[in-house]
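Engineer: Pasted the sequence and its predicted model underneath.
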Amino acid sequence: AQSVTQLDSHVSVSEGTPVLLRCNYSSSYSPSLFWYVQHPNKGLQLLLKYTSAATLVKGINGFEAEFKKSETSFHLTKPSAHMSDAAEYFCVVSDRPGFQKLVFGTGTRLLVSP
Amino acid sequence: DAGVIQSPRHEVTEMGQEVTLRCKPISGHNSLFWYRQTMMRGLELLIYFNNNVPIDDSGMPEDRFSAKMPNASFSTLKIQPSEPRDSAVYFCASNPGPGDEQFFGPGTRLTVL
């Protein structure tokens, strides 16, 4: 079965400093991977997705992620954090090709201080 | 587009009562998903539909839970009878079809006393 492991439950950064949210995956297939963001009391929004095209994926709001097959990782980065980036971030893997069934990680809460 | 619409946004009920959650997917989307989010178990897929037909309900916790999609623009998730451990945020999502981004609604926060 497919799974993702988010290595940090909380990450704290200062505004203007880089963000790194770590994710490792396990998949029997060539996986499709996603990062979703959830702001407080809101639904989830897709940040970016990897579907076996370019290994460096650019998403919304300046976020990007790199698929590294040798490390089974899909870490999310942003060069400079903004206060509005404070939210919960979920790494997600598709359960099977065609990715209708998504398997979510446990989430990483990003805290941004002034 | 209004996005995925869920109602109610908050529901407080007593143990043993029937609860019905509602979802209107984005117009033109052919697939609809019901998720549950709890602190203990995170986000879990309960069931999903393609073209109004249930495809995978392996995530439905037990017979107390049922979901229907009578037409392309409406779905319900029913819990009967409800129990305190059903307290969670329930999300509905939709997408045009396999391989497409899932768009999430704002969720329904259910509290069972």
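Structural biologist: Done, it's in. Residues are numbered from 1 along each chain as shown, chains lettered A, B, ... in the order given.

Engineer: Am I right that B:Leu32 is in contact with B:Met69?
Structural biologist: Yes: in this structure, B:Leu32 sits in contact with B:Met69. The criterion is CB atoms under 8 Å, and the distance is 6.1 Å. Yep, even glycine has a C-beta here, placed from its N, CA and C like the rest.

Engineer: Pick out whichever of the two has more residues nearby.
Structural biologist: Set B:Leu32 next to B:Met69 and count neighbours by other CB atoms under 10 Å in any protein chain shown: B:Leu32 wins out with 28 against 21.

Engineer: Number of residues surrounding A:Gln6?
Structural biologist: Other residues within reach of A:Gln6, judged by other CB under 10 Å, total 20.

Engineer: Tell me the spacing between it and B:Gln80.
Structural biologist: As for A:Gln6, its distance to B:Gln80 is 35 Å (criterion: CB to CB, to the nearest Å).

Engineer: shared neighbours, B:Leu32 and B:Met69?
Structural biologist: Where contact means CB atoms under 8 Å, 6 or more residues apart in numbering or on different chains, the residues bridging B:Leu32 and B:Met69 through contact with each are B:49, B:75.

Engineer: What parts of chain A come near chain B?
Structural biologist: Taking CB under 8 Å from any CB of the partner chain as the contact definition, chain A meets chain B at A:41-46, A:49, A:51, A:90, A:98-102, A:104-107.

Engineer: from memory A:Asp63 sits against A:Gln45, does it?
Structural biologist: Just to correct that, residue A:63 is Phe rather than Asp. No: with contact defined as CB under 8 Å, A:Phe63 does not count as touching A:Gln45 (11.2 Å).

Engineer: Name the residue in the two with the higher neighbour count.
Structural biologist: With neighbours defined as other CB under 10 Å, A:Phe63 and A:Gln45 compare such that A:Phe63 has more, 20 against 16.

Engineer: For chain B, see how far away that one is.
Structural biologist: As defined by CB to the nearest CB, to the nearest Å, A:Phe63 lies at a distance of 15 Å from chain B.
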